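Engineer: pasting a predicted model and its sequence here:
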Amino acid sequence: YPLHEQLLSDTLKAFPKAEIVWCQEEPQNMGAWHFIAPYLRRICSLADVPYAGREPAASPAPGSAALFQLEQEQLISTALGIKARALAKAHH
């Protein structure tokens, strides 16, 4: 997949104090994580880029609406650094 690495680098440099976290809805073995992680490590000079998302799985969704919602709230709260319960209260 094409990636304009210089543009991404320039964009991230505009936010020198930002904490970089990759968040995706798909399980870790799906989606863009394995593609983008090496670029982010290089651009951000990080040994590891934090991943916030679902664990590796054979299916892109858990098959239960309640479990999907729970996982969704958890990955968002992890990415944003807030408690899942606070997120749920703010949403309702």
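Structural biologist: Done, it's in.

Engineer: now for F68, how many residues are close by?
Structural biologist: 14 (other Cβ atoms under 10 Å). For the C-beta atoms, the positions are set from N, CA and C on the backbone; glycine is no exception.

Engineer: buried stuff in the longest strand seen in the chain?
Structural biologist: In the chain, assigned by DSSP state E, the strand with the most residues is strand 22-27. For strand 22-27, a neighbour-count test (16 or more other Cβ atoms under 10 Å) marks 22, 24, 27 as buried.

Engineer: OK, contacts around the first one?
Structural biologist: Spelled out, that is W22. If you count contacts by Cβ atoms under 8 Å, 6 or more residues apart in numbering, W22 has them with 33, 36-37, 40, 49-53.

Engineer: show me the contacts for the residue nearest the centre of the chain.
Structural biologist: For the chain, the residue nearest the mean C-alpha position is C23 (0.9 Å; Cα atoms, centre = their mean). Contact analysis of C23 by Cβ under 8 Å, 6+ apart lists 51-53, 75-76, 78-79.

Engineer: below-threshold pLDDT in the protein: ranges please.
Structural biologist: Within the chain, the stretches falling below the threshold (pLDDT under 70) are 84-92.

Engineer: which residues of it fall in strands?
Structural biologist: 22-27, 51-54.

Engineer: what's the shortest one packed up against?
Structural biologist: Secondary structure elements in contact with strand 51-54, counted by 3 or more Cβ pairs under 8 Å, 6 or more residues apart in numbering; DSSP states H and E, are strand 22-27, helix 33-44, helix 65-80.

Engineer: please name the strands paired to it in the sheet, noting orientation.
Structural biologist: Each strand paired with strand 51-54, and its direction, by DSSP bridges: strand 22-27 (parallel).
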